[in-house]
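> Build the 3D model from these lines:
(chains A, B and C)
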Amino acid sequence: MINKRIDLLENYKILYNFFGPQGWWPADSPLEVVIGAILTQNTSWQNVEKAIFNLKQNNLINLIALIEIDQVELARLIKPSGYYNLKAKRLKNLLLEIHKNFHSIEEMKKLSLNEARNLLLGIKGIGYETADSILLYALEYPTFVIDTYTLRWLERLNIKFFGNKKNRYHQSQTLFMKNLPNDIKLFKEYHALIVKLGKEFCKKRPKCSECPFFIKAL
DNA sequence: CACCAGGCAAGTA
DNA sequence: TACTTGCATGGT
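Take a look at the predicted model:
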């Protein structure tokens, strides 16, 4: 299963030295991270920025305000991020659930990692990646985010997992977490660097041969 | 013009 | 269990 030629910590260092710090997650508050986590589902961050800008213009980076705003109006404001009807519903649903159980986003931290994770995964519209993104970047729990870039990268390294979607996600996540120090900053930066790598070199096949990281990884 | 982006849920066989 | 489809805008 684990390719012993791959030293994940060593590869992190190579990536970091090549690309530098990525500064994820760009946001002014944990709530803004949560909002961005929903809005960026299968959507470029550039489009998410436009939507978040609209929300900021209307003082809507606010838990109560977002719970009270009309869903159709919210959808109109987040339109640039795509799937706006769906995302407006998911956002209100998630924030309502958080407010129902806690005073604020930060209050969720009194839960253990697994408690918080299970709570999030029980909410419609929150899958594994969105849950882990919120846990890591908004709440600062030490969990590793797996996304399509990460899976693509593992596949290129010839590391394959079997079973259903849930098992494959957790096996990939475990691979990183068992082979890295339990360091929140490292987890944040590593995931961002893998996304950066994917955007730079893995998007189109011909570019793969130009990827300096992939050559060093092997 | 086609294709993709920092997914997820529901439906089908 | 393993595909397929709907959701939708904006950049390349």
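
> contact partners of stretch A:117-124?
By CB atoms under 8 Å, 6 or more residues apart in numbering, the surrounding residues in contact with stretch A:117-124 are A:90, A:93-94, A:97, A:101, A:108, A:111, A:126-128, A:130-132, A:134-135, A:141, A:143. Quick note: C-beta positions are derived from backbone N, CA and C, even for glycine.

> Intersect the residues you listed with the contacts of DNA strand B.
Contacts with DNA strand B within these, counted by CB under 7 Å from any atom of the strand: A:I126, A:G127, A:Y128, A:T130, A:A131.

> Can you flag which of these belong to helices?
Members of these lying in helices (criterion: DSSP state H): A:Y128, A:T130, A:A131.

> Relative to A:P80, which of those residues is nearest.
Of all those, A:T130 has the smallest distance to A:P80: 19.0 Å, by CB to CB.

> Verify the stated contact: the closest one with A:L39.
No - judged on CB atoms under 8 Å, A:T130 makes no contact with A:L39 at a distance of 10.3 Å.

> Between those two, which has more neighbouring residues?
Comparing A:T130 with A:L39 by other CB atoms under 10 Å, the one with more neighbours is A:L39, at 26 against 22.

> Against A:F19, how distant is that one?
Applying CB to CB, to the nearest Å, the value for A:L39 to A:F19 is 24 Å.

> can you check A:A192 too?
Applying CB to CB to A:A192 and A:F19 gives a distance of 9 Å.

> which of those two has more neighbours?
A:A192 (20 against 15).

> what's the helix or strand for the more buried one?
In this structure, A:A192 sits in helix A:184-197 according to DSSP states H and E.

> I figured A:M108 hits A:F102, correct?
Yes - with contact defined as CB under 8 Å, A:M108 reaches A:F102; the gap is 5.3 Å.

> Those two - which one has more neighbours?
Between A:M108 and A:F102, A:M108 has the larger neighbour count (other CB under 10 Å), namely 22 against 16.

> Contacts only, for the closest residue to DNA strand C within chain A.
Closest contact between chain A and DNA strand C, by CB to the nearest atom of the strand, is at A:G82 (2.6 Å). Residues near A:G82 by CB under 8 Å, 6+ apart: A:N42, A:T43, A:N47.

> Save those residues as TSV, and put in distance to DNA strand B and secondary structure too.
Shown next, in TSV, are the contacts of A:G82 (distance: CB to the nearest atom of the strand, whole Å; DSSP: H, G, I helix; E, B strand; the rest coil):
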residue	distance to DNA strand B	secondary structure
A:N42	4	coil
A:T43	5	coil
A:N47	6	helix
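
> need the residues you listed in CSV with distance to DNA strand C, can you?
Formatted as CSV, the contacts of A:G82 follow (distance: CB to the nearest atom of the strand, whole Å):
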residue, distance to DNA strand C
A:N42, 6
A:T43, 5
A:N47, 5
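
> Dump those residues to a markdown table, plus pLDDT and neighbour count.
Output for the contacts of A:G82, formatted as a markdown table (pLDDT from 0 to 100; neighbours: other CB atoms under 10 Å):
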| residue | pLDDT | neighbour count |
| --- | --- | --- |
| A:N42 | 98 | 7 |
| A:T43 | 98 | 16 |
| A:N47 | 98 | 16 |
